[in-house]
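A.B. asks: What follows is a predicted structure for the sequence shown.
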Amino acid sequence: MDPNHKAHFYFGRCTRCDKEVCGAGRACRAMGRLFHDTCFTCCVCTKKLAGKPFYSTSGGIYCEEDFLYSGAHPSPEVCDSCGFLISDLLLQARGKSYHPSCFRCVVCRQSLEGLPFAVDSRSRVYCVTDYHRVQAPWCDACRTQILPTEGSSESVHVESLSRIYHVKCYERKQTLTRTGAD
């Protein structure tokens, strides 16, 4: 050993880069393992984590921001609408989790917490009124939408020969057809 060389403290090998960790102030311990302070970084943004809050899951080490807000969080309590962690009230609908304020009609943006809702074929969520307004079929006789009657959430229609009718329009059409006035 060179007598002019100052003695360096050897702490072991870095878990991440497998190089020697020597010298005070250049290393940190986390999760029972040794790291160079420059090697102990977030696996998403590479921010140094020595002395800062961090999270470790599935072999990755994350800064607080990336773990909680960028989708790295493995918890099912991530809002399906906004993608952020749900840390307080949780609303579950359609087998997914939402912030209550994020579960809204795609048309009028009304909160649907505790209200009936409908979902279209593309999994978009609607209040019942907007669903019927947007998705209701059109009557082939009078050319208006077939909407639920006041106070109801379901519409009734007749389908005949691949055409859709209001019940009254269909009855009128049948009467006209029988009398030959069509």
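C.D. replies: Looks like it came in fine.
A.B. asks: which regions of this protein sit below the pLDDT cut-off?
C.D. replies: For the chain, the stretches with pLDDT under 70 are 1-8, 70-76, 180-182.
A.B. asks: quick one: contacts for the most centrally placed residue in it?
C.D. replies: Residue closest to the mean C-alpha point of the chain, counted by Cα atoms, centre = their mean, is Asp80 at 1.7 Å. By Cβ atoms under 8 Å, 6 or more residues apart in numbering, Asp80 lies in contact with Lys96, Ser97, Tyr98, Cys102. All C-beta spots, glycine's among them, are computed from the backbone N, C-alpha and C.
A.B. asks: how's this structure carved up into domains?
C.D. replies: Using the TED database, the domain ranges for the chain come out as 10-70, 91-134, 136-179.
A.B. asks: Now do the SS call for the residue nearest to the centre of the chain.
C.D. replies: coil (DSSP: H, G, I helix; E, B strand; the rest coil).
A.B. asks: Tell me which residues of the top helix by length along the chain come out buried.
C.D. replies: Longest helix of the chain, by residue count under DSSP state H: helix 167-179. Neighbour counts over helix 167-179 (16 or more other Cβ atoms under 10 Å) mark Cys169, Tyr170, Lys173 as buried.
A.B. asks: just stretch 139-152 next, same as before
C.D. replies: Under the neighbour-count criterion of 16+ other Cβ under 10 Å, stretch 139-152 has Cys139, Asp140, Ala141, Ile146 buried.
A.B. asks: First-to-last residue distance for it?
C.D. replies: 19 Å (Cα to Cα, to the nearest Å).
A.B. asks: before we move on, what about stretch 97-112?
C.D. replies: Start-to-end, stretch 97-112 (Cα to Cα) is 13 Å.
A.B. asks: next one: stretch 131-144
C.D. replies: End-to-end span of stretch 131-144 (Cα to Cα): 16 Å.
A.B. asks: repeat for stretch 141-149
C.D. replies: End-to-end distance for stretch 141-149: 18 Å, by Cα to Cα.
A.B. asks: one step back: so which of the domains of the chain comes closest to Phe84?
C.D. replies: Each of the domains of the chain has some distance to Phe84 by Cβ to Cβ; the shortest is domain 10-70, at 5.8 Å.
A.B. asks: out of the buried residues of stretch 139-152, who's nearest Lys52?
C.D. replies: Ile146 (60.0 Å).
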